[in-house]
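Asker: sequence plus the predicted model coming up.
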Amino acid sequence: MKNWTLVWVWLLAFSPVFLQAQTETQPTINSILSGKIVDSKTKEILDGAVVHIKGTTHEVQADKTGQFKFVTGQRFPYTLIISHVGYQTLELTAGTAYIEVALQPTNTRLNDVVVVGYGTQKRRNLVGAVAKVDPSQTKGIPAGGFDAQLQGKVPGLQTTTTTGVPGEAVTVRLRGVTSINADNTPLYVVDGVFINSSSLQTVNTGGKATSPIADINPYDIESIEVLKDAEATALYGSRGANGVIIVTTKRGNFNQKSRVSLDISQGKAWAPPLWKLATGPEHATLVNEYFTNIGGVKPFRPVSEGGRGLPEEQKTYDRLGEIFQTADLMNYDLSVSGGNNVTRFYLGAGYNKQESILKPITFDRASLKFNIDHKLSDKVQIGSANTITRAYRNQGRAGDGPAGGLLQAALHTPTYLSPTNEQGVLVGRAGFDNVSLLLQYYDVHSISLRYIGNVYAEATLLKDLKFRSSWGVDYNNYDESEYWNTYLIAGSPAGLATSSISQNSSWLNEQTLTYRKSVGNHSFGVLLGNTLQSNLFKRTFLQGTGFANNSFTQISSASVVTGTQNWSKNTLASFFGKIDYSFADKYLVDFSARADGSSKFGVNRKWGYFPSVGAAWRLKKENFLNDIEKINDLKIRASYGITGNQNGIGDFASQGLWSGGSSYKDSAGISPQQLANADLQWEKTSQFNIGLDATLFDSRVTVEFNYYYKYTKDGLLQLARPATTGFGTYWSNAAEISNRGFELAINTLNIEAKHFTWSTSFNIAQNLNRIEKLPTPLQYGSRNLILLREGSPMYSYNLIKQLYVDPQTGNAVYEDVNKDGKINSDDRQILGSIWPKFAGGLSNQFTYRNFDLGIQFSYQFGNKTYNHNRFFGEGGGARDAARVIFASNLARWQKPGDITDVPRADGVNVNNYLDAGSRWLENGSFVRLRALTLGYNLPKQLAQRARLQNVRFYFSGSNLFLISPYTGPDPESSANSNQNQPGIDLGTPPQPRSVQIGLNVTF
C-alpha cells in the first residue's frame, strides 16, 4: 500500500510538469467563439456559468458580465453543454462566431444530481428512497457535528441531541432500530471513505460519550444524502441495514478563477429555564412535615432545643447559578477554490470553539481540508480528498454520578446546606462534591487527532466504459487523561489519575468498473466492483493511585500503577454489482447484489449475500397524463432488498477465547473467556418500500411519500449461559425485530414575485417498532426502567402504574396487576416507549430584495421521557439532607380533600415514593425552534467597488424557544449514550439557547 501511495503523490506532484511540457507546442486554432449567458426570465447576467465543448476537455467560464470566449482547434459546428447552479443544463449547436444563451431556472428538484451508492443520478430517475440536505441551511446551528444539525430536515431520520455538552454523541436513527446488541447507527461515508462513528472514549463521564462525527467541519461539506431503502443501500451490503449517510465535501471547479471565502461568527449561549428547587425554608418545612407524618422529632427546630434552627432561619444556596454560565461561541472558516482546464482544487481551514453552558466544559476544533483533482488526459483523471482535524475537549461528568458529577452536585445537593463547614472550609454535601472545589480542580480532557482521506484514479477505457480505483483511510488517535485530587470524592483518599491512548485505523481499497450506454429510448448501465477493508484498534490504559500530595499529578508519581493493553482487528472482503435499465425515462428498473465476507463471523457463516431490486414508473410520460399541465411529473416506485449488520459486536465474537494473566499457584496461567460459535452469522434486514413522487403546479409543489416495512432476522444477541458452563454469555443469532412506517415530505414555492419569494418545506414521519422474537426479556437502565420484551417496542418503560392519590389519606394508589394485594416489582407493566407517534420538521425561507430569512422548527409527538431527576427531587422531605427537594413537592397532599398527584411524605421506596413508579414518566413531546437566520447581502455594485464578489451579514439563533409538556428543561435529555439505555433524564444539562452574528465575504 505504501508503494501505491507514493505513486499517487508522485503523479499529483509532477503531472503539472508534464502538462507544461505538453502546452509548449503551439496549438492549432480553427475557430473563435464568444457569447453571453443570461437568465431566461429576468435577463440578468449569469456569471460563473460553465461552457463546455462536448466530447472534449475544453471548458470556459462566463465572467462577471456574463461573457465568455473560446479559442479552439475545433471546427464549426460543434455541440456546447452550458450549465449553471440553479439552472437547467442546456445542449446546443454553435455554428457562428457569436451566440447569446438564455438558461431556464430550475424550479423543480427533478434535475438535482443526487449522490447514491458508487455514483450519481438525477432525482427524476431515482428508484430508491433518497433524501438530500443542503448543509448551507444547517451549518449555522452551533453543534459539535453535522449529525446534530440534521434534526427535522429528513423524514424518517430521528436525530436526538441528548445533552447540552458540545461535541458529545448524538443519537441518530433512520427508520427505527434493527438490533439489540449490534450497532443501530447509520453508516457514514465521507468522500467514499467508510468512517468510524463509535466513540473511543474510556474516561467515565457519567455514561456519556464523545462524538467522532464532531471531528468533521460542517463548513467543508457540499452535500449530504440520506439513503433509506434497500434499493439505495444494498450496494453497501453488510453496512446498510441502518441506512447510509453520504457526505460529499467541497471541491473546486474546472476553469474557475480562484475564489476566496471567509466566514466568521461569534455569539453567546445560555441555559433555558432550569429546574425549580425548593428554597432553604421550604426544604426545611417539608422535612419537618415528613417527620411529623412518621411520628418523629422535627429536625428543624430551635438550636437551643438541639435542632438545626427553624425553617424560616434557613438560607438558600444557589449552586445551579454557580455551575451554569453564559457561554462564548466562535467560528472562523477560510477557503480558497478554483481551477484551470485540467486541475481543480479546494483548500479550507477552520477553527470552532464552543463553551458549554455547564462549567468548565469546552470543545474546540481546528481543521484543514484539501481536495484536488487533475486530468492527466481527456481519459484519465486522478485526485485526492484530505481532512485533518484536532479536537480538544475539556470534558465533564454531565450524566449519572455522583463522584465528580458536575450537574448532580449542583442540582441534587439540598439548597439549605452551606458549601462550607463551621470552620469556613469548602466541603461536599449529601454525598456529592463541593461545586466550587469541582470547578477549581476539575481536570478531565481529551485530544482527538484525525485524518480522513483518499486517493483515486479514474480512466475511460472505452467510450462508455470507466474504471476507478481508490484507497481510503480513517485514522484516529484519541488521547485522554484525568486527575482527581484529594479534595474530590473520586480522588479520595490519596488521588487518582488515568491516561488512555486509543488508535483506530481503517483502510479501504475499492475498484469499480462502470458501463453506461444509450440507444434510442433505451438506456442501461452495469456496475461491477470489489472492496477490501481492514480495521485495527489499539489501546493502552494506565491508572495511578496513591500520590504523596496534590502537587503530584503524573501517573509516574503514583505509588500504585496498573495498566491494560488491547489490540483488535477485523477484515472485510466484498464483491458487488448493479444493473439498471430505463426505457424512454418512463420505465426504470435496477437490480443489485453484494457479497460480504467478514472475519467477525463463524467459520461456517462468514459470507453474507445481499440482493435488491427496484422499479419505477413515471406516469407523467404516459399519454393519459401528458396533457395535464398541472402535473409536471408523477412517479411511483417500489423496491425490495436485504441488507446486513455486523457493527457493534466484538472482532472475535465467534471465536473461543482464552485470557492470560490468571494466577495459578503463584504462577501465570490462562483461563477460558468466551465460548465459540462457528455458526454465528450476519444480522439480516429485509425491507420493502413503495413510494410516490409528484411535482405539481408549474413545479411549485413537490411531494414525496414512502411506506416501508423492515424485518430483521438472525439478530445478533448475547444470550446468558448457566454458571455451571463457566461462561456468562455467548454470541448468537436469536432476535427478530420489525419496523414499519411512512414518510411524507412537501415542498412548496408559495410566492415568487420580482422582489419577494416565500418557500416552505414540511415533513412528517411515523415508525412503529416491535420485537418479534426474543428468547428472554432484557432489562436496561437505572433501576431496570427499560424493558425489551417480545411483542413490545424496543426501549419500553417497565413501571408500576400510579393511578391517583387518595384524597382522604394522601397515599398513592397503584394498579395491582397480578391482584395479589401487594405492590412490588411483579406489578410492573409497559406504559410507553421512547418512540414518538409522529416526528418531523417545518422550514420557511423568505427573500425580500437583499434580505433573507429562514425559520426552522423540529417536532415530535407521543414519545415518553423518564424524569429521573424528579424521582430524586420529590422525596417529600423523606431524604432529609441526602437530596434536594423540587418545588413541585410543594403541591403535595396535606389534608383530607386535597386533590393532587403528589402524595404525602412518608418514606422512600415504599408505596408513596415507589422506585420505578409511573409518576415520573412524562410526555416528551415538543416543538422546538431549531434555527432562525436573518441575512443581508450587500448590493453587488457596492461589493464590487471593494473588489469583492459577495458580502453577507447574518444573525442566527438556535433553540430560541421550546413548547413541551415535559417538566424538565429539555425533553430530549438522556443520561446515557448506551443505545439500550435511552430516555432517562438524570444529571444532564439541556441544549442551550444561542444567538450569533456573522459575516461572509467572497473575494
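Answerer: The structure has been received and is ready for your questions.

Asker: tell me the pLDDT of L110.
Answerer: Confidence per residue is given as pLDDT, and for L110 that number is 62.

Asker: next, the distance between the ends of stretch 34-49.
Answerer: Using CA to CA, to the nearest Å, the span of stretch 34-49 from its first residue to its last is 13 Å.

Asker: just stretch 871-879 next, same as before
Answerer: Rule used - CA to CA; the end-to-end distance of stretch 871-879 is 11 Å.

Asker: spatially nearest residue to K375 (excluding sequence neighbours)?
Answerer: Taking CB to CB, 6 or more residues apart in numbering as the measure, K375 lies nearest to V342, with 4.4 Å between them; neighbours along the chain are not counted. From N, CA and C alone the C-beta is placed, and that goes for glycine too.

Asker: wait, that neighbour sits on H374?
Answerer: Yes - the pair V342 / H374 is scored as a contact, 6.3 Å apart, by CB atoms under 8 Å.

Asker: buried set for the helix or strand hosting L439?
Answerer: Under DSSP states H and E, the secondary-structure element containing L439 is helix 435-441. Using 16 or more other CB atoms under 10 Å as the burial criterion, the residues of helix 435-441 that qualify are 435-439, 441.

Asker: quick one: strands adjacent to whichever strand or helix holds N769?
Answerer: Secondary-structure assignment from DSSP H and E places N769 in strand 756-773. Strand 756-773 sits in its sheet next to strand 729-752 (antiparallel), strand 838-848 (antiparallel), going by DSSP bridges.

Asker: residue ranges for the strands of the stretch 251-400 of the chain, please.
Answerer: Under the criterion DSSP state E, counting those that start in this stretch, the stretch 251-400 of the chain contains strands at 256-270, 327-339, 343-355, 362-375, 380-394.

Asker: okay if I get the ones you listed as JSON lines plus distance to S659, mean neighbour count and mean pLDDT?
Answerer: JSON lines is the format used below for the strands of the stretch 251-400 of the chain (distance: least, CB to CB, whole Å; neighbours: other CB atoms under 10 Å; pLDDT from 0 to 100):
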{"stretch": "strand 256-270", "distance to S659": "46", "mean neighbour count": "17", "mean pLDDT": "95"}
{"stretch": "strand 327-339", "distance to S659": "45", "mean neighbour count": "19", "mean pLDDT": "96"}
{"stretch": "strand 343-355", "distance to S659": "42", "mean neighbour count": "20", "mean pLDDT": "97"}
{"stretch": "strand 362-375", "distance to S659": "37", "mean neighbour count": "20", "mean pLDDT": "97"}
{"stretch": "strand 380-394", "distance to S659": "32", "mean neighbour count": "20", "mean pLDDT": "97"}
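
Asker: find the centremost residue of the chain, please.
Answerer: Computing the C-alpha centroid of the chain and ranking residues by CA atoms, centre = their mean puts D147 first, at 2.9 Å.

Asker: redo the strands paired with strand 756-773 as a markdown table? Include mean neighbour count and mean pLDDT.
Answerer: Shown next, in a markdown table, are the strands paired with strand 756-773 (neighbours: other CB atoms under 10 Å; pLDDT from 0 to 100):
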| stretch | mean neighbour count | mean pLDDT |
| --- | --- | --- |
| strand 729-752 | 19 | 95 |
| strand 838-848 | 19 | 96 |
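
Asker: nearest to D63 among those would be which one?
Answerer: strand 838-848 (25.4 Å; CB to CB).

Asker: contacts for that closest one next, please.
Answerer: Taking CB atoms under 8 Å, 6 or more residues apart in numbering as the criterion, the residues outside strand 838-848 that touch it are 137, 151-153, 155, 158, 755-766, 852-862, 930.

Asker: can we see that at 6 Å?
Answerer: Identification of contacts with strand 838-848 by CB atoms under 6 Å, 6 or more residues apart in numbering yields 152-153, 155, 158, 756-766, 853-858, 860-861.

Asker: could I get the contacting residues of L368?
Answerer: 349, 388.

Asker: and it, how close does it get to A143?
Answerer: Separation of L368 from A143 (CB to CB, to the nearest Å) stands at 21 Å.

Asker: ok, now how distant is N747 from A131?
Answerer: 11 Å.

Asker: I should have written D63 there, sorry.
Answerer: Here the distance between D63 and A131 works out to 36 Å (CB to CB).

Asker: what's the answer for K710, then?
Answerer: Distance, K710 to A131, using CB to CB: 17 Å.

Asker: swap in P672?
Answerer: 48 Å.

Asker: try T210
Answerer: In this structure, T210 and A131 are separated by 27 Å, where distance is defined by CB to CB.

Asker: then L716?
Answerer: Distance from L716 to A131, counting by CB to CB: 28 Å.

Asker: what's near enough to touch D433?
Answerer: Contact partners of D433, counting by CB under 6 Å, 6+ apart, are 409, 488-489.

Asker: per-domain residue ranges of this structure.
Answerer: Recorded structural domains for the chain (assignment: automatic domain parsing) are 22-103, 109-193+200-209+213-249.

Asker: need those in a markdown table (columns: distance to N811).
Answerer: Formatted as a markdown table, the entries for the domains of the chain read as follows, by distance: least, CB to CB, whole Å:
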| stretch | distance to N811 |
| --- | --- |
| domain 22-103 | 67 |
| domain 109-193+200-209+213-249 | 34 |
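
Asker: which of the ones you listed sits most buried?
Answerer: Of all the domains of the chain, domain 109-193+200-209+213-249 has the most neighbours on average by mean count of other CB atoms under 10 Å, namely a mean of 24.

Asker: all strands for the stretch 551-700 of the chain, in order.
Answerer: Taking DSSP E, counting those that start in this stretch as the criterion, the stretch 551-700 of the chain carries its strands at 560-583, 587-598, 607-618, 631-645, 657-664, 667-674, 683-696.

Asker: parallel or antiparallel, list what pairs with the last one.
Answerer: What that stands for is strand 683-696. In the sheet, strand 683-696 lines up against strand 631-645 (antiparallel), strand 701-720 (antiparallel) (DSSP bridges).

Asker: so the shortest one versus strand 607-618, what angle?
Answerer: If I follow you right, that is strand 631-645. Between the axis of strand 631-645 and that of strand 607-618 there is an angle of 170 degrees, by axes from the mean of the first three to the mean of the last three CA atoms, to 10 degrees.

Asker: good, we can wrap up now.
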